[in-house]
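Enquirer: Just need the structure, nothing else, for what follows:
(one chain, ligands or ions: 2)
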Amino acid sequence: MKTPKINEKFVCKNCGTLVPPSKSSCRNHCTKCLHSMHVDETLPGDRLSPCHGLMEPIGLEYKGNKGYQIIHKCLLCGKKQLNMAADDDNQEEVAKINLRTL
Ligand SMILES: [Zn+2]
Ligand SMILES: [Zn+2]
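Expert: Ligands and ions are numbered 1, 2, ... in the order given. So this is what the prediction gives:
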């Protein structure tokens, strides 16, 4: 079975930026403030979660084969999720998360 690849533009719930679809990967977080939305239940892209809470970037994890992953935490239910960082993510914000976790 193929994982659904959902790659669509959306308006960020946190900062109001219209985030364009990604060229390289499945877009799931804001490129400006890096916030995400809790829409996936078990698999990335399944869009089965009824929560729809705002997910705050709380940390970074480096995975050799995949590069940087952003750790998102849902402000409503507390669920944590890893999301691959995109090439066009705001590098200043990425650096800020990195500093916070040191
Ligand atoms: Zn945003
Ligand atoms: Zn949630």
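Enquirer: Listing partners with orientation, what would you give for the top strand by length along the chain?
Expert: Secondary structure of the chain read by DSSP state E shows that its longest strand is strand 54-63. Its sheet considered, strand 54-63 pairs with strand 36-37 (antiparallel), strand 67-74 (antiparallel) by DSSP bridges.
Enquirer: Contacts for the first one, please.
Expert: Counting by C-beta atoms under 8 Å, 6 or more residues apart in numbering, strand 36-37 makes contact with 10, 13, 28-30, 52-55, 57, 70, 72, 81, 83, all of which sit outside it. Backbone N, C-alpha and C define where each C-beta goes, glycine included.
Enquirer: Work out the gap between it and the centre of the chain.
Expert: On the basis of C-alpha atoms, centre = their mean, to the nearest Å, strand 36-37 sits 6 Å off its chain's mean C-alpha point.
Enquirer: Let the chain start at 55 from now.
Expert: Happy to do that; since the first residue is 55 now, the last one works out to strand 90-91.
Enquirer: Quick one: mean pLDDT over that strand.
Expert: In this model, strand 90-91 has a mean pLDDT of 93.
Enquirer: ranges for the strands of the protein?
Expert: Using DSSP E, the strands found in the chain span residues 64-65, 72-73, 90-91, 108-117, 121-128, 134-138.
Enquirer: So which bits of this protein are right by ligand 1?
Expert: 66, 68-69, 71, 84, 86-87, 89 (C-beta under 5 Å from the ion).
Enquirer: Nearest the geometric middle of this protein, what residue?
Expert: Nearest residue to the geometric centre of the chain (C-alpha atoms, centre = their mean): H83, 3.6 Å.
Enquirer: Just give the nearest non-adjacent residue to that one, would you?
Expert: S90 (3.8 Å; C-beta to C-beta, 6 or more residues apart in numbering).
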